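In: Sequence plus predicted model, see below.
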Amino acid sequence: FFAFVKVLNLNSELYRHRIRLEAPTHFTTPGPSLFVLTAVFNSRDPSMMSELSFAICTRFAMTTVLGLGQLAPSHARVGNLMFSNRQAQATDDGTPKYQRFPYYWPNCPDGFDITTQEECNEAIAYLGVTNGGTPWTGSRTTIPRFCSLQKNTDSVIFNTDPTGDQRRHDLAPVCKWTGEEAPPDFFRASRENVTEWRGVEHTITVKPEEWDYFLAFQESRKNGFSCPCNPGLDCNEMEAPGKHFYPPNPEKATYDCTLWIAAWLHAEDQCIQGYFSHDSRDGTSARMRCEAVGAVYGGEHQAGRHATGLGALRGLQSSPGHCNSMFNLSFRGFAAAHGARRNDPRGDGDVWTVLYNGGGSDISDSESCIPAGYTATGERTQSQPTTPPKSTPLPTAPTPTPGPPSHYQKLDYG
């Protein structure tokens, strides 16, 4: 206790005499850093030197007896995470050393890459991840270059190819500190938020304009359709130059209610977040979105800036790639969803997501979302009621009214 008081009393003396005490880098203590037995004096005060020597020697003895002067382990446990002592240190001015960018980000900003695997391990440990999955090292152009962290597994991914710059939904680049916070992680709007945005009734039954799209698509299949020739592919030009004609297809497509859920979730997410892409903001693909709701994926089309189903279909049919692919004979399952970014008749910013699969066993639900009065193939379930025309009553002869006697009379024929 006396030595502890002595150390405390030295605080003001150290400042007054401008003494610099160097802290060790190889000891760990639960309290203030240990003083090493070196000091630089700008004063020759013997009493001060005596007090300092006593305090330092006593403190050194205490740490030796109590075992506080052991070499720090290579890793010190903090909470439930393991941090490397050296790796967990921030810069001298207190700013971070490393930062993680969002998943699905292409790469670190130029000049802030972590270019060695050793430093990559240090950086990810600095971020608090030391018990991740199996690390991977290799060369790919299809993932972010150099140091990344994998979602869910927390595995260290080190890509040695300096030209790698493609996004992956499950990889987040880990970079040197850029001086600014990284953008927040990308996300998909939750089903609850989309339901609130879209309206509960439109997550139960297909919207009228979505059904109009389906009926118009069925008519195109039934009657046959000429698409703009797709460059590089055969074009029969049967009906007109520059057009490829698809003959009538008697097999009707079937509306898939599970596939429809995936369609409206993506269409509305694009409207909510203001983007237009086959991939979600978090990098989720169309196949992944379908599988997430239990649907089978076969293909996806997207259209924008159309408020009506017929307008959206005609827009896609004016595109060679979209038009020719929608008449693929293997597409027997169907769903279309309309996301309205602006609730006005112009449809500015509206998004249409159209999904296909093979039909048959690919479809698990073809009933729950179908509008009343229709089958899943777009046929009416009953004939339209007819009202018989009103009959015109036959004229009736007026009843003669008695009058004054006459000098004439009408005789019967014959």
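Out: It's in.

In: what ranges do the strands span in the stretch 201-350 of the chain?
Out: Secondary structure of the stretch 201-350 of the chain by DSSP state E, counting those that start in this stretch: the strands cover 225-228, 243-246, 254-255, 299-304, 333-339.

In: Could I get the buried residue list for stretch 151-168?
Out: Using 16 or more other CB atoms under 10 Å as the test for burial, stretch 151-168 gives K151, S155, V156, I157, F158, N159, G164, R167, R168. Bear in mind the C-beta positions are built from the backbone N, C-alpha and C, glycine included.

In: Might one say that C175 is in contact with I114?
Out: Yes. If you go by CB atoms under 8 Å, C175 and I114 touch, sitting 6.5 Å apart.

In: Overlap of the contact sets of those two?
Out: When contacts are counted by CB atoms under 8 Å, 6 or more residues apart in numbering, the set common to C175 and I114 consists of Y98, C108, C147.

In: Please identify which of the strands of the stretch 201-350 of the chain is closest to E219.
Out: strand 225-228 (9.1 Å; CB to CB).

In: Can you tell me the strand partners of the closest one and which way each runs?
Out: Here strand 225-228 is paired, per DSSP bridges, with strand 243-246 (antiparallel).

In: Secondary structure class of the residue nearest to C175 when sequence neighbours are not counted, three-state.
Out: Spatial nearest neighbour of C175, chain neighbours left out: C108 (3.6 Å); criterion: CB to CB, 6 or more residues apart in numbering. Three-state call for C108 (DSSP: H, G, I helix; E, B strand; the rest coil): coil.

In: circling back to that earlier point, of the strands of the stretch 201-350 of the chain, flag the one that's most buried.
Out: Ranked by mean neighbour count, the strands of the stretch 201-350 of the chain are led by strand 333-339 with a mean of 27 (mean count of other CB atoms under 10 Å).

In: other SSEs contacting that strand?
Out: If contacts are counted by 3 or more CB pairs under 8 Å, 6 or more residues apart in numbering; DSSP states H and E, strand 333-339 sits against helix 208-223, strand 254-255, helix 257-273, helix 309-317, strand 351-357.

In: got the angle between that strand and helix 309-317?
Out: 110 degrees (axes from the mean of the first three to the mean of the last three CA atoms, to 10 degrees).

In: For stretch 97-112, measure first residue to last.
Out: Using CA to CA, to the nearest Å, the end-to-end distance of stretch 97-112 comes out at 11 Å.

In: ok, and what's touching it?
Out: Stretch 97-112 has contacts (CB under 8 Å, 6+ apart) with 89-91, 113-114, 123, 126-127, 144-147, 149, 151, 164-178, 181-186, 281-283.

In: Model confidence score at T95, please.
Out: You'll see T95 listed with a pLDDT of 88.

In: Please read the previous query as pertaining to N121.
Out: 96.

In: dump the residue contacts of it.
Out: By CB under 8 Å, 6+ apart, N121 lies in contact with P135, V156.

In: quick check, it in a helix?
Out: Yes. Assessed with three-state DSSP, N121 lies in a helix.

In: Please shift the residue numbers so they start at 20 in all later answers.
Out: I'll keep to 20 as the first residue from here, and by that count the last item is N140.

In: any idea how far P163 is from W230?
Out: Look at W230 and P163: by CB to CB, to the nearest Å, they are 43 Å apart.

In: Highest mean neighbour count out of the helices and strands packed on strand 352-358?
Out: strand 370-376 (a mean of 26).

In: Least confident secondary structure element in this protein?
Out: strand 94-97 (a mean of 30; mean pLDDT, DSSP states H and E).

In: buried set for stretch 212-219?
Out: Across stretch 212-219, burial judged by 16+ other CB under 10 Å covers V213, T214, R217.

In: and the second one, that's in a helix?
Out: Read it as T214. Yes. Counting by three-state DSSP, T214 is found in a helix.

In: and the spatially closest residue to it that is not a sequence neighbour, how many neighbours?
Out: Closest residue to T214 apart from its sequence neighbours, by CB to CB, 6+ apart: T222 at 5.2 Å. Using other CB atoms under 10 Å, T222 has 18 neighbouring residues.

In: picking that back up, and which of the shared contacts of C194 and I133 is nearest F353?
Out: C127 (42.5 Å).
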